[in-house]
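Visitor: for reference, the sequence and a predicted model appear below.
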Amino acid sequence: MKSPLMLIGPENRVLVQNEAMTELLKIDFRGRQYITALRQPAAIDAVANAQKDHVTKSARYVLHVGTRDRIFELSAIPVDGHVIVAFEDQTAAEETLSLRRDFVANVSHELRTPLTAILGFIETLQGPARDDATAQQRFLGIMATEADRLRRLVDDLLSLSRVEELERTRPVEPVDLGLIVSQATELLGALAADAGTKLISRIPNDLPKVPGDDAQLQQVLNNLIENAIKYGATDAGIEIALHPPAFETALHQTAIRMTVTDHGIGIPAHHLIRLTERFYRVDLHRSRAQGGTGLGLAIVKHITNRHRGKLLFESVEGQGTTVTLMLPVAVT
Ligand SMILES: Nc1ncnc2c1ncn2[C@@H]1O[C@H](COP(=O)(O)OP(=O)(O)OP(=O)(O)O)[C@@H](O)[C@H]1O
Ligand SMILES: [Mg+2]
């Protein structure tokens with residue numbers, strides 16, 4: 001049996017203890033009173049009650065292993081005057097649950113901000129600003145912006161859950177990265193010009209196609225270019241480059257690099273590893289002001305994983321940022 005098990009006899013002594021249990025408790029308790037082995041009151045009660053009532057009892061059992069808590073569900077199963085004690089590791093399940101709770105809390109918070117603003121302005125329009133045409137125009141404008149933010153948030157959440165769902169199936173259609181770059185620069189050229197910058201693309205000839213999902217790779221590049229425009233617009237421009245295939249030790253195979261480089265504010269080093277977390281923003285106010293939801297790079301990360309690629313952030317504060325996407329040229 002892989003799960004930790006123990007058999008307790010009528011005399012309250014540990015009769016049998018399997019290897020997994022010894023590994024967990026670090027001590028062989030055979031022949032000794034079970035309370036010296038289990039020690040936690042809830043666990044001892046569960047065993048005592050199982051003996052007394054002849055029904056299976058359970059309890060939560062927390063063990064500190066190294067720096068980490070491991071959480072078990074302990075079952076005490078009565079059999080012919082003996083009690084079998086079984087441990088089931090719940091750590092991963094509890095962690096998933098807590099991640100999900102955090103996520104729901106974050107989503108609720110993100111939704112509440114624009115909703116509160118919209119509701120506030122509706123009240124103002126119904127009351128104090130009822131006869132003020134100028135104010136009405138202005139408030140309606142703000143409401144439209146906030147409603148748009150809500151829509152974008154919902155779109156991004158849907159996109160994220162779709163990408164997560166697909167993550168385990170690797171896309172294999174041959175994709176022309178050169179085409180993706182030229183489409184993206186065309187699509188976002190006007191946005192860049194509005195922000196006072198320009199997009200400069202470098203596409204080498206004779207690039208092989210890579211196995212991928214065309215729409216998702218477009219989404220990745222659009223996200224990266226949008227970020228460069230939002231946080232890195234300068235008159236030095238933004239470079240989008242493809243590099244000839246080369247062996248990448250990080251991937252143990254040949255890959256094509258796609259880089260997006262800006263010359264903007266940059267990102268302080270300690271933020272770099274957290275950028276792809278959902279809702280993570282370096283400067284919350286700046287991102288909000290730009291209509292950001294903080295989900296862009298989380299989506300980029302999932303798409304990269306799906307392609308078995310790698311994402312690299314390099315930045316120097318005050319000088320700019322380069323985001324590199326490595327994409328394997330073959331399915332191995
Ligand atoms: N090129 C960049 N230069 C400086 N900071 C950046 C750059 N790209 C991303 N960031 C920082 O990383 C954060 C996370 O980026 P991400 O794309 O996930 O979210 P967002 O742009 O705020 O919102 P969204 O992409 O969902 O609209 C941004 O809020 C910003 O602070
Ligand atoms: Mg973004």
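Guide: Thanks, I have the structure now. Ligands and ions are numbered 1, 2, ... in the order given.
Visitor: how about the residues of the chain by ligand 2?
Guide: 227, 296 (C-beta under 5 Å from the ion). From N, CA and C alone the C-beta is placed, and that goes for glycine too.
Visitor: residues touching residue 324, list them.
Guide: If you count contacts by C-beta atoms under 8 Å, 6 or more residues apart in numbering, residue 324 has them with 257-259, 311-314.
Visitor: chain center to the helix or strand encompassing it: distance?
Guide: Per DSSP states H and E, residue 324 falls inside strand 320-328. Strand 320-328 sits 19 Å away from the centroid of its parent chain (C-alpha atoms, centre = their mean, to the nearest Å).
Visitor: and for stretch 48-59?
Guide: For stretch 48-59, the distance to the chain centre is 41 Å (C-alpha atoms, centre = their mean).
Visitor: and the end-to-end length of it?
Guide: 12 Å (C-alpha to C-alpha, to the nearest Å).
Visitor: run through who's touching that stretch.
Guide: The contact list for stretch 48-59 (C-beta under 8 Å, 6+ apart) reads 40, 42-43, 45-47, 73-78, 81, 83.
Visitor: look up phi and psi at residue 56.
Guide: phi -70, psi 130 (degrees, to the nearest 10).
Visitor: in the stretch 151-300 of the chain, what residue is nearest ligand 1?
Guide: residue 296 (2.2 Å; C-beta to the nearest ligand atom).
Visitor: pull the contacting residues for residue 320.
Guide: 232, 234, 261-264, 266.
Visitor: what's the longest helix in the chain?
Guide: Taking DSSP state H as the criterion, the chain has its longest helix at helix 91-126.
Visitor: any idea of the mean pLDDT for that one?
Guide: Averaged over helix 91-126, pLDDT sits at 90.
Visitor: mind listing what the residue in the stretch 201-332 of the chain that ligand 2 sits nearest to touches?
Guide: Residue of the stretch 201-332 of the chain nearest ligand 2, by C-beta to the ion: residue 296 (2.9 Å). Contact partners of residue 296, counting by C-beta under 8 Å, 6+ apart, are 156, 223, 226-227.
Visitor: residue 216: how many residues sit nearby?
Guide: Neighbour count of residue 216, defined by other C-beta atoms under 10 Å: 22.
Visitor: what angle separates the host helix or strand of it from strand 320-328?
Guide: Using DSSP H and E, residue 216 sits within helix 214-232. Inter-element angle recorded for helix 214-232 and strand 320-328: 170 degrees (by axes from the mean of the first three to the mean of the last three C-alpha atoms, to 10 degrees).
Visitor: which helices and strands does helix 214-232 pack with?
Guide: helix 177-194, strand 238-242, strand 253-262, helix 296-306, strand 320-328 (3 or more C-beta pairs under 8 Å, 6 or more residues apart in numbering; DSSP states H and E).
Visitor: and the worst-scoring helix or strand of the chain on mean pLDDT, what does it pack against?
Guide: None of the helices or strands of the chain scores lower by mean pLDDT, DSSP states H and E than helix 284-289, at a mean of 80. Taking 3+ C-beta pairs under 8 Å, 6+ apart as contact, there are no helices or strands that helix 284-289 lies on.
Visitor: which parts of that helix are buried?
Guide: For helix 284-289, burial by neighbour count (16 or more other C-beta atoms under 10 Å) applies to 287-288.
Visitor: coming back round to it: which parts of the helix holding residue 216 are buried?
Guide: For helix 214-232, by 16+ other C-beta under 10 Å, it's 214, 216-232.
Visitor: what's residue 89 in contact with, if anything?
Guide: 3, 70-72.
Visitor: can you tell me which of the contacts of stretch 48-59 are in helices?
Guide: Going by DSSP H, the helices hold 42-43, 45-47 from the contacts of stretch 48-59.
Visitor: re earlier: among the contacts of residue 320, name the buried ones.
Guide: Counted by 16+ other C-beta under 10 Å, those give 232, 261-264, 266 as buried.
Visitor: and of these, the nearest to residue 207?
Guide: residue 261 (18.5 Å; C-beta to C-beta).
Visitor: check the closest one and give its pLDDT.
Guide: 98.
Visitor: again, but for residue 1
Guide: pLDDT for residue 1: 66.
Visitor: before we move on, back to that, out of the contacts of residue 89, who's the most crowded?
Guide: Of these, with other C-beta under 10 Å as the count, residue 72 tops at 20 neighbours.
Visitor: for that residue, what are its contacts?
Guide: Here residue 72 is in contact with 4, 60-63, 87-90 (C-beta under 8 Å, 6+ apart).
Visitor: now the angle between helix 91-126 and the lengthiest strand in the chain, please.
Guide: Ranked by residue count, the top strand of the chain under DSSP state E comes out as strand 68-79. Taking the same axes, to 10 degrees, one finds strand 68-79 and helix 91-126 inclined to each other by 120 degrees.
Visitor: I appreciate the help and will end here.
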